[in-house]
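Asker: the following comprises the amino acid sequence and a computationally predicted model.
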There are 2 protein chains.
Amino acid sequence: MTVPARGFPVAEYAGRLARAQALMAGAGLAGILLTTEAEIRYFSGFQTLFWQSPTRPWFLFVPTEGKPVAVIPEIGADLMRRTWIEDIRTWPAPQPGDDGISLLIDLLAPHARRGARIGLLKGHETHLRMPLADYERLIAGLPGLGIVDATGIVRALRMVKSPAEIEKIAHICGVASRTFARVPEFATEGRPLDEVFRAFRRTCLDEGADDVPYLVGGADQGGYHDVISPPVARPLRAGDVLMLDTGSVFDGYFCDFDRNWAIGPASDAARRAHEVLYRATEAGMAAARPGATSRDLFAAMRAVIAEYDTGPGDVGRLGHGLGMQLTEWPSHAAFDETVLEENMVLTLEPSLSYGDGRIMVHEENIVVTSGAPRLLSARASAELPVIR
Amino acid sequence: MTVPARGFPVAEYAGRLARAQALMAGAGLAGILLTTEAEIRYFSGFQTLFWQSPTRPWFLFVPTEGKPVAVIPEIGADLMRRTWIEDIRTWPAPQPGDDGISLLIDLLAPHARRGARIGLLKGHETHLRMPLADYERLIAGLPGLGIVDATGIVRALRMVKSPAEIEKIAHICGVASRTFARVPEFATEGRPLDEVFRAFRRTCLDEGADDVPYLVGGADQGGYHDVISPPVARPLRAGDVLMLDTGSVFDGYFCDFDRNWAIGPASDAARRAHEVLYRATEAGMAAARPGATSRDLFAAMRAVIAEYDTGPGDVGRLGHGLGMQLTEWPSHAAFDETVLEENMVLTLEPSLSYGDGRIMVHEENIVVTSGAPRLLSARASAELPVIR
């Protein structure tokens, strides 16, 4: 197993910037102001877990000409200086009276004076990571500046991955695949579910994950009932269906897939659910070609699921994009007509309801290629595996 | 070691609600609309790692009379029904054309029609977790509704912890303390720093953490240079000062403290820095009494640091609140005149610069009591410990 190099060469960031600037110029924007972790990392390479502290806002302005400008708390200056960013403006945050706002006004005032427009992420799956009152003060301090939604630009860039990004995602998918293969070692009858979660995290670290920030699942007689719960201390029992779903991380890139197991003998209903979902995933893979849409993937998987689904079974979509975040655009759903392109990394995540309010979810991670998609996760078995 | 019970009795949530409602009534608010994880969990008990997916917004409206109302994606309904919340309104998210907005308008329209005011978190250390364009549509759909900043109300409530909350924080502080005690087993000369990080996470899980979402640190000859970096693969060398800083979690509550070690012989400068920071923390503990302010804690620690600090050494503050988030209000800084109260959980985090751009940080977790603060972290040694 070769571990991919950490970080990216400067050419990766230069390429991202050039593509962004072409789109910004086309949209008549003077730049895009970013406030969120994934976007700031995408354009700068600035990577830190410090984002978990809600105290300090961080800003990166990507101008339509020239390199990005960082406006960040002093505590991050040393780390930002190790990236390719050169213009780094800092203040001693936290400073609630002026947490970067006057620095941003200084930076953006020339654009405001000439009535330019800048982009902000305002659309689906985005949020503004700064105090809303500070944002209102910023806008009030920049009369004449146009603010437009730039979600489409950032979405278009981030959805298509570079070879180096795919290599990192493939690596963490391999780590998680090896971890899932070892689940039968510790997910045995009598073992409390919270201990199974803890053992999964430890094993995944052993296999090479930097971290396991996302781990959800469930276990219950004949099937589980929801797919986003933290674990309870209830011991696994014969007759349970167990599901574990992980977003593990290598160098800031996620995998996102799950696996199901029967503890002891599996019910016919659960085995049938698994078999249907396996075939739904096959149908999703067959449909995942450049030129098809996310909606097509949804329809292909949904057609198979409909053979069996006896209830709403609706988790809103049947998969999504994957990369720097656990879930990214697009959504495999009836509303999403995103056209697939080579080098999009996607989850295929068919789910169904069965029995009395039970749900089953199945998930694989793929890269769209010119031909059949490349599977990044080690394919689940066609039959529901049994842990005895 | 007794592991605290998970979750809280309903009385805990009823008490939080009653206190919030008294403050809301006093401020003339009809309710508070919440969009962020910690606040929604604080009032409902809804706990899931699913917040890591940026795709779906989640809402909780806390009215000034009656119980909170959840407006959430259907995928969370089962989990929310297991909380004390009764009025749960869902939609099949993601649904970019209407991600909960019409449900919120239905809920809030009666307040808008009578020109009432509702609170939103707009202040320091907050953000609005929903697409900004959706927020603008929501406001446009509620003519007559007043929107005011309710940060002060939520801040006042969350800063003072209940005994059950303190028990959870104390537990995870114990887990991390035992983990730090075992660091000399794996942080040895020649071991790459990223492997040290991985071993720390595994050990912390062994000791009882649910997860180790925050782990930063550094190591370098004579001292490290920043305090928010991810690890590099560089092996530890004799003459390094190593720092590890963790926010580990038990049942949704954080610890947040660090420890320093010398790998092999320590320089006089590093030993002196550690000794000064130890005394600064002592001064912070001596000052941490009900009636003192965060500013007083800052001043007490800063007075000791000033004996030695030869540079700016400015990470913006010398500690903060702690609980459901890695960092919470208040900030031990010159700007923060928050008056300390019994049952506030705080970090004391003196830091200083020394030598040629080196920094050292020291951190303990405490609870304010009527007398001397209760130390939740096992006190660091007075002298910089050496790993040989």
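Answerer: Right, received. Where do you want to start?
Asker: spell out whether stretch A:253-268 and chain B are in contact.
Answerer: No: contact of stretch A:253-268 with chain B (Cβ under 8 Å from any Cβ of the partner chain) is absent, the minimum separation being 8.9 Å. For the C-beta atoms, the positions are set from N, CA and C on the backbone; glycine is no exception.
Asker: so for that stretch, mean pLDDT?
Answerer: Mean pLDDT, stretch A:253-268: 96.
Asker: buried residues, it. List them.
Answerer: Within stretch A:253-268, the residues scored as buried using 16 or more other Cβ atoms under 10 Å in any protein chain shown are A:253-263, A:266-267.
Asker: confirm A:Leu346 sits in a helix?
Answerer: No: using DSSP: H, G, I helix; E, B strand; the rest coil, the assignment for A:Leu346 is strand, not a helix.
Asker: now for it, how many residues are close by?
Answerer: For A:Leu346, the count of nearby residues is 26 (other Cβ atoms under 10 Å in any protein chain shown).
Asker: for it, which non-adjacent residue is closest in space?
Answerer: A:Ile366 (5.5 Å; Cβ to Cβ, 6 or more residues apart in numbering or on different chains).
Asker: now do whatever helix or strand the one you found lives in: which elements does it pack against?
Answerer: Per DSSP states H and E, A:Ile366 falls inside strand A:364-367. Other helices and strands packing on strand A:364-367, by 3 or more Cβ pairs under 8 Å, 6 or more residues apart in numbering or on different chains; DSSP states H and E, are helix A:163-181, helix A:268-287, strand A:345-348, strand A:374-375.
Asker: list just the one of those that sits closest to A:Val361.
Answerer: The closest of these to A:Val361 is helix A:268-287. By Cβ to Cβ, the value is 7.6 Å.
Asker: any low-confidence regions in chain A?
Answerer: Chain A contains residues with pLDDT under 70 at A:310-315.
Asker: what residue spans form the domains of it?
Answerer: A:10-159, A:163-387 (automatic domain parsing).
Asker: for A:Val276, give me its contacts.
Answerer: A:304-305, A:307-308, A:352 (Cβ atoms under 8 Å, 6 or more residues apart in numbering or on different chains).
Asker: among these, name the buried ones.
Answerer: For those, buried by 16+ other Cβ under 10 Å: A:304-305, A:308, A:352.
Asker: can you name the two of those that are farthest apart?
Answerer: Maximum pairwise distance in the buried ones among the contacts of A:Val276, criterion Cβ to Cβ, is 9.4 Å, between A:Val304 and A:Leu352.
Asker: how about the residues of the stretch 201-350 of chain A by chain B?
Answerer: A:201-202, A:205-206, A:210-216, A:225-230, A:232-233, A:247, A:312, A:314-317, A:320, A:325-327, A:331, A:333, A:335.
Asker: which of the residues you listed are buried? Put it as a ChimeraX command.
Answerer: Buried members of these, defined by 16+ other Cβ under 10 Å, are picked up in ChimeraX with:
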select /A:201,202,205,210,211,212,213,214,215,216,226,227,228,229,230,247,314,315,316,317,320,325,326,327,331,333,335
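Asker: from the residues of the stretch 201-350 of chain A next to chain B, which land in helices?
Answerer: Among those, the members falling in helices (DSSP state H) are A:201-202, A:205-206.
Asker: closest to B:Ala292 out of those?
Answerer: A:Arg201 (39.9 Å).
Asker: please report how far the closest one lies from A:Gly15.
Answerer: Distance from A:Arg201 to A:Gly15, counting by Cβ to Cβ, to the nearest Å: 35 Å.
Asker: before we move on, what about A:Arg388?
Answerer: Distance of A:Arg388 to A:Gly15, given as Cβ to Cβ: 51 Å.
Asker: show me what contacts A:Ser248?
Answerer: Contacts of A:Ser248 by Cβ under 8 Å, 6+ apart are A:172, A:175-176, A:179, A:204, A:209, A:211-214, A:254-255.
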